[in-house]
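Asker: Need the 3D shape of this:
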Amino acid sequence: MGIKGFTRLLLLGSVLTASTAWSAEIHGRSSTQLLWFNNYFNDQRQVELGEYLRLSVTNLDKAGKASLFGYGRMTQDLNNGEGFNSRLYYLYGEYRGLFDKLDIRLGRQFVNLAAGTAIIDGGQVDLNNAGPIGLTVFGGRNVIFSLDEENGHGGDLALGVAAYLNGFKSTDLEVSWFRKWDDWNIARDTLGASFKQYLFNNLRVYGNTRYDVVSETFSEVLGGVKYYPTSNLVLTGEWYQSYPVFDATSIYSVFAVDRYQEAVFRADYTITEQIAVHGGYTRQWFEGGANGNIYQAGLSVRPVEPLQLNFEYDNNQGYNGKTHGFIADAYYDVTKSLQLSGGIAYDTYQRDVLSDDEIARLYWVGGKYRLAKNMSASLRVENNVNAAYDNDVQGRFVFDYDF
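Answerer: Residues are numbered from 1 along each chain as shown. All right, here's what the predicted structure looks like:
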């Protein structure tokens, strides 16, 4: 369905754009991209031409309730024998406010619940204007992408149900269930919840969790607090736990895995309109009592109005290795239409205690030019120098057209 579906999307965009008597509103973006890079699978240079198209057609009816949305891409390898490839990410019709209570989507779409996410060929129904509790139900064929094409079986399905608070200004709460089938066999069965609460106009408390019914374990737990003591200072504290869970139909589901936990503390402070700083610390816990520590600090400066300078340093010590390095970049607005940029990333790392330190460097330059209000072109070229490559030059040229 990838190639055929994206072809339909292109034809639909052409027909609707060419129509002069059409009462609908048509918007979107065409992004034409030329990329050159090393293909790490065969260690050969590759040049690739791509076209990304995002399309929205609204006001298909007099009430303005019917719409159509699509997004996909197609690529052509020009020199490395991989040929033509395409991928349709979504293409669905939507009708909002049926009986002033229901929103309906039909087609290929991305669905997202606290319990799980998927791309499906199917439908979704939202009941969101019938009291303090809203409901979401979706189901359809589970779309699986491989590196070059869509993979799957006739029995690859996904189903989800969610209940959420509706109409509460300071509180968000969702409880959901998600199930996935692989060739008619249950691959995932997950319960999830997400929560967000605003307090005292300067405090936000939030959390997310997923419970895997098949393995009877919490696969993910996140809890966090954001505190805004002043308008230019944000303090963040988070705790996160992850226990890897694979599909029940996968051979990896019988492998032993380790639980991972981390606590994050971060501060973002805007000193003036020209200077902003941030810093953070992450404490990591691995199975067997091993620990890790990550330190981060950053600075953004605008010494003169057209120039933006950014610098960030990080230091990682502990069980997961030893690394430290920095990222520095600059952006200069030559005119209102032209921006030039460049940067460097430098990292020193040690894979294990028996190996010597290695160095990885990345240098890049770029620019963006706005040809018109709805057209822009950008270019980025970078060179990676590391243990694997003395030179690894790659780049991307992009022409965007908004309509």
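Asker: contact partners of the helix or strand where residue 223 lies?
Answerer: Assessed by DSSP states H and E, residue 223 sits inside strand 217-230. Residues from elsewhere that reach strand 217-230 (Cβ atoms under 8 Å, 6 or more residues apart in numbering): 190, 202-212, 234-245. Yep, even glycine has a C-beta here, placed from its N, CA and C like the rest.
Asker: Check stretch 173-181 too.
Answerer: 113-116, 118, 136, 142, 155-165, 186-196, 247.
Asker: same question for that stretch, mean pLDDT?
Answerer: Per-residue pLDDT over stretch 173-181 has a mean of 97.
Asker: right, and residue 340 touches residue 334 too?
Answerer: Yes. Under the criterion of Cβ atoms under 8 Å, residue 340 makes contact with residue 334 at 6.0 Å.
Asker: between these two, who's got more neighbours?
Answerer: Taking neighbours as other Cβ atoms under 10 Å, residue 340 and residue 334 compare with residue 340 leading, 15 against 11.
Asker: and the more buried one, how far is that from residue 29?
Answerer: Using Cβ to Cβ, to the nearest Å, residue 340 is found at 23 Å from residue 29.
Asker: Any of the contacts of strand 217-230 buried? List them.
Answerer: 190, 204, 206-212, 234, 236, 238, 240-243, 245 (16 or more other Cβ atoms under 10 Å).
Asker: before we move on, back to that, show me which of the contacts of stretch 173-181 are buried.
Answerer: Judged by 16+ other Cβ under 10 Å, buried ones among the contacts of stretch 173-181: 113-116, 118, 136, 142, 156-162, 164, 187-195.
Asker: for the stretch 1-150 of the chain, what spans make up the strands?
Answerer: Per DSSP state E, counting those that start in this stretch, the stretch 1-150 of the chain carries strands over the ranges 25-39, 44-58, 66-77, 84-98, 102-113, 116-127, 133-142, 144-145, 150-151.
Asker: Dump the ones you listed to a markdown table, plus distance to residue 394.
Answerer: Below are the strands of the stretch 1-150 of the chain laid out as a markdown table (distance: least, Cβ to Cβ, whole Å):
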| stretch | distance to residue 394 |
| --- | --- |
| strand 25-39 | 4 |
| strand 44-58 | 9 |
| strand 66-77 | 15 |
| strand 84-98 | 18 |
| strand 102-113 | 28 |
| strand 116-127 | 28 |
| strand 133-142 | 33 |
| strand 144-145 | 23 |
| strand 150-151 | 27 |
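Asker: hang on, the earlier thing: tell me the buried residues in the strand holding residue 223?
Answerer: 218-221, 224, 226-227.
Asker: Downstream of it, the next helix or strand is which one?
Answerer: Assigned by DSSP H and E, the successor of strand 217-230 is strand 233-242.
Asker: pLDDT (mean, whole number) over that following strand?
Answerer: On average, strand 233-242 scores 98.
Asker: partner strands of the helix or strand following it, parallel or antiparallel?
Answerer: Counting by DSSP H and E, the next helix or strand C-terminal to strand 233-242 is strand 260-270. The pairing partners recorded for strand 260-270 under DSSP bridges are strand 233-242 (antiparallel), strand 275-285 (antiparallel).
Asker: Check the gap between residue 241 and residue 47 for me.
Answerer: Distance of residue 241 to residue 47, computed by Cβ to Cβ: 44 Å.
Asker: Ok, residue 273 next?
Answerer: 43 Å.
Asker: Which of these two has more residues huddled nearby?
Answerer: For residue 273 versus residue 47, neighbours defined as other Cβ under 10 Å are more numerous around residue 47 (13 against 9).
Asker: Tell me what the more buried one is bridged to.
Answerer: residue 36.
Asker: dump the residue contacts of it.
Answerer: 34-36, 77-80.
Asker: Over to residue 276?
Answerer: 268-270, 299-300.
Asker: avg pLDDT for stretch 61-71?
Answerer: Here the average pLDDT along stretch 61-71 is 93.
Asker: Which residues belonging to that stretch are considered buried?
Answerer: So stretch 61-71, judged by 16+ other Cβ under 10 Å, has buried residues 65-71.
Asker: Save those residues as JSON lines, and put in distance to residue 101 too.
Answerer: As requested, those are exported to JSON lines (distance: Cβ to Cβ, whole Å):
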{"residue": "65", "distance to residue 101": "12"}
{"residue": "66", "distance to residue 101": "16"}
{"residue": "67", "distance to residue 101": "18"}
{"residue": "68", "distance to residue 101": "22"}
{"residue": "69", "distance to residue 101": "21"}
{"residue": "70", "distance to residue 101": "26"}
{"residue": "71", "distance to residue 101": "28"}
